[in-house]
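In: below are the sequence and a predicted model; questions follow.
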Amino acid sequence: MSQVKKVGIIGFGTVGSGVYETLLSKKEKVEKIIGSQFSIPVILVKDKQKQRDISGETAVTDSFEEFESLAELDAVVEASPDATTAYPFVRRLLQKGITVITANKELVAKHGEELLNLAGIYNCRLFFEAAVAGGIPVLTSVRHTLKTNDLERIEGVVNGTSNFILTKMREEGTAFQTALEEAQEHGYAEAVPDKDVDGWDAYYKTTILSQWIYGKAPVWLTEKPAGIRGTDVRDLLLADQLGGRVKHLASLEKNGDTITASVGPQFVLNDHPLYGVEGVNNGIHVKGSIVGSLLFQGAGAGKFPTASAVIEDLINYWSHTSEKAPLFEDHDEAPQLSGVNQENEETKIKPEYSGVWLVTGKQLALQLEGQRAVEKLSAIKRLEGREAVLVKGKKHDVTAAMSALNDTVRFYPVCGELQSILQLNAVTERSVS
Ligand SMILES: NC(=O)C1=CN([C@@H]2O[C@H](COP(=O)(O)OP(=O)(O)OC[C@H]3O[C@@H](n4cnc5c(N)ncnc54)[C@H](OP(=O)(O)O)[C@@H]3O)[C@@H](O)[C@H]2O)C=CC1
Ligand SMILES: N[C@@H](CC=O)C(=O)O
């Protein structure tokens with residue numbers, strides 16, 4: 001066996017500790033795959049006084065200078081909470097030619113372009129499979145095995161915390177805050193959980209997916225992502241009555257050279273592949289021009305699923321079985337990953353597209369009366385003072401029609417085929433008549 005390879009870890013929370021424990025429990029197997037021994041000489045944390053289960057062979061420090069000088073590292077696993085923390089560390093490591101494997105989606109979405117460039121210049125690599133959809137190897141799968149397929153549309157449940165909360169609320173009647181606290185206890189939520197429930201985590205992942213698949217950041221259909229905060233449990237139950245589920249989705253669509261994106265709660269019909277993606281699971285649904293419909297499904301968050309994605313990146317790097325960095329082979333310029341929070345006109349585009357919507361609120365029948373621009377597609381369902389109906393029309397017309405009397409109204413775009421909605425509607429109408 002050749003020289004001992006050394007990997008450092010930044011962050012020892014849910015992900016960092018999962019990587020550490022798994023590397024130790026799978027040491028023999030990993031060393032066999034990479035054809036070399038490895039060690040973990042150092043871990044960087046914020047508070048080195050915390051009690052942790054770390055072997056005496058590994059130093060624990062709260063100083064980045066000490067972290068980088070203690071050993072000659074071959075690679076670093078980066079699992080700190082946000083871009084602000086990680087950026088200076090990762091930048092510095094790449095400039096020293098040290099390969100970084102990160103789970104930090106905010107870092108990659110905001111600074112990926114620059115960091116990938118640096119990795120190219122300093123002859124090292126930046127990996128980030130764990131940054132999108134936790135344990136699901138979706139980035140690697142798409143890149144390795146869907147090269148010839150055109151992907152016109154991608155829809156995904158990409159935030160495990162939101163999916164977990166919505167599932168608990170619908171199935172068990174758990175209150176939003178209680179379900180969020182449970183997600184935090186499991187280690188699913190971000191250190192600042194607002195990023196999960198207000199849609200930012202999904203926004204970062206969608207930006208990365210767009211870059212990864214289409215080679216550029218998307219044009220956002222709304223200025224900000226929408227999250228699940230304030231979701232009324234009655235909406236989830238009414239959605240069930242109408243043959244679908246409310247899920248927090250990310251969508252990417254290719255129209256010519258433009259990639260549009262949105263993030264927010266949608267009504268997913270019961271024959272759509274994402275309907276059954278429940279709990280902490282994530283699901284990425286793609287339609288390949290050759291292969292057809294594909295669903296990548298699995299744990300989207302949590303200690304060991306995320307550690308799995310990180311470690312597979314590390315092992316692929318060490319055993320030279322990974323592909324080249326995204327787009328470096330085909331493009332003269334570095335990839336554009338930084339489409340987050342940019343103040344350009346493009347991000348403010350709000351096309352008036354016609355679609356199908358689940359609308360919830362009160363007095364919906366009254367508001368629909370005499371509306372020509374809005375077509376009613378289902379019976380109105382009622383539950384404990386709240387109502388729901390499926391309608392078709394332009395977003396502007398639907399919004400104008402429904403919100404006149406109603407400050408609690410919510411609009412969920414429908415995810416699924418119009419044909420399915422019409423069939424569903426026929427059944428619904430029969431069942432109420
Ligand atoms: N949790 C999950 O399921 C997933 C998380 N991710 C991403 O992985 C990353 C880590 O998430 P997670 O493990 O859940 O986060 P945690 O909050 O559990 O852990 C964060 C770790 O970072 C350390 N840290 C904080 N600030 C600093 C600093 N200034 N210098 C050094 N270390 C610091 C903390 O140290 P200390 O222990 O001393 O407080 C802690 O060990 C995030 O970017 C997240 O988005 C990606 C996929 C799934
Ligand atoms: N907080 C994130 C963790 C994984 O990326 C989530 O809930 O999906």
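Out: That came through, no problem. Ligands and ions are numbered 1, 2, ... in the order given.

In: report the beta-bridge partners for Ser251.
Out: Ser251 forms beta bridges with Glu155, Ser262, as assigned by DSSP bridges.

In: which non-adjacent residue is nearest the closest residue to ligand 2 within the stretch 201-350 of the chain?
Out: Proximity of the stretch 201-350 of the chain to ligand 2 (CB to the nearest ligand atom) peaks at Ala301, 3.6 Å away. Backbone N, C-alpha and C define where each C-beta goes, glycine included. Spatial nearest neighbour of Ala301, excluding adjacent residues (CB to CB, 6 or more residues apart in numbering): Gly160 at 3.3 Å.

In: my guess is the one you found contacts Val280, does it?
Out: Yes: taking CB atoms under 8 Å as the definition, Gly160 is a contact partner of Val280 at 4.2 Å.

In: between the two, which has more neighbouring residues?
Out: Neighbours around Gly160 and Val280, counted as other CB atoms under 10 Å, are more numerous at Gly160. The numbers are 27 against 24.

In: and the more buried one, what does it touch?
Out: Shown in contact with Gly160 (CB atoms under 8 Å, 6 or more residues apart in numbering): Gly134, Ala183, Tyr188, Val280, Asn281, Asn282, Ala299, Gly300, Ala301, Gly302.

In: show the backbone phi and psi for it.
Out: Gly160 has phi and psi values of phi -60, psi -40 when expressed as degrees, to the nearest 10.

In: state the distance from it to Arg372.
Out: Relative to Arg372, Gly160 is positioned 42 Å away (CB to CB, to the nearest Å).

In: do the same with Glu21
Out: In this view, Glu21 and Arg372 are 62 Å apart by CB to CB.

In: and Phe411, by the same measure?
Out: Per CB to CB, Phe411 is found 19 Å from Arg372.

In: and the two? Which one has more around it.
Out: Ranked by neighbour count (other CB under 10 Å), Phe411 and Arg372 place Phe411 first, with 21 against 8.

In: host element of that one?
Out: If you go by DSSP states H and E, Phe411 is part of strand 410-415.

In: give me the common contacts of Gly160 and Val280.
Out: Counting by CB under 8 Å, 6+ apart, the residues touching both Gly160 and Val280 are Ala183, Tyr188, Ala299, Gly300, Ala301, Gly302.

In: pick out the residue nearest the middle of the chain.
Out: Closest residue to the average C-alpha location of the chain: Val158 at 3.2 Å, with CA atoms, centre = their mean.

In: quick check: that residue vs ligand 2, distance?
Out: Counting by CB to the nearest ligand atom, to the nearest Å, the separation of Val158 from ligand 2 is 7 Å.

In: could you do Ala179 as well?
Out: Separation of Ala179 from ligand 2 (CB to the nearest ligand atom): 12 Å.

In: contacts only, for that residue.
Out: If you count contacts by CB under 8 Å, 6+ apart, Ala179 has them with Phe164, Ile165, Lys168, Met169.

In: so the second one, which of the three states?
Out: Three-state call for Ile165 (DSSP: H, G, I helix; E, B strand; the rest coil): helix.

In: re earlier: His285 versus the residue nearest to the centre of the chain, what's the distance?
Out: Taken as CB to CB, the span from Val158 to His285 is 11 Å.

In: by proximity to ligand 1, which residue of this protein wins?
Out: Minimum separation of the chain from ligand 1 (CB to the nearest ligand atom) falls at Gly13, amounting to 1.9 Å.

In: what are the phi and psi values for the closest residue to that residue other than its chain neighbours?
Out: Nearest non-adjacent residue to Gly13, counting by CB to CB, 6+ apart: Ala79, 6.8 Å away. Dihedral pair for Ala79: phi -140, psi 50, per degrees, to the nearest 10.

In: contacting ligand 1 as well, which ones from the contacts of Gly160?
Out: Checking the contacts of Gly160 against ligand 1 by CB under 6 Å from any ligand atom, the ones in range are Gly134, Tyr188, Ala301, Gly302.

In: list buried residues within the residues you listed.
Out: Buried residues within these, counting neighbours by 16 or more other CB atoms under 10 Å: Gly134, Tyr188, Ala301, Gly302.

In: redo those residues as JSON lines? Include pLDDT and secondary structure.
Out: What follows is these, written out as JSON lines (pLDDT from 0 to 100; DSSP: H, G, I helix; E, B strand; the rest coil):
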{"residue": "Gly134", "pLDDT": "97", "secondary structure": "coil"}
{"residue": "Tyr188", "pLDDT": "98", "secondary structure": "coil"}
{"residue": "Ala301", "pLDDT": "98", "secondary structure": "coil"}
{"residue": "Gly302", "pLDDT": "98", "secondary structure": "coil"}
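
In: and the furthest pair within those?
Out: Gly134 and Tyr188 (8.7 Å; CB to CB).

In: mutual contacts of the two, please.
Out: Common neighbours of Gly134 and Tyr188 are listed as Gly160, Ala301, Gly302 (criterion: CB under 8 Å, 6+ apart).

In: which residues touch the second one?
Out: By CB under 8 Å, 6+ apart, Ala301 lies in contact with Gly134, Gly160, Thr161, His186, Gly187, Tyr188, Ala189, Val280, Asn282.

In: can you redo these as CSV with distance to Asp62?
Out: Shown next, in CSV, are the contacts of Ala301 (distance: CB to CB, whole Å):
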residue, distance to Asp62
Gly134, 27
Gly160, 29
Thr161, 28
His186, 26
Gly187, 21
Tyr188, 26
Ala189, 24
Val280, 31
Asn282, 33
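
In: of the residues you listed, which are in range of ligand 2?
Out: Counting by CB under 6 Å from any ligand atom, Gly134, Gly160, Thr161, Tyr188, Ala189 from the contacts of Ala301 sit close to ligand 2.
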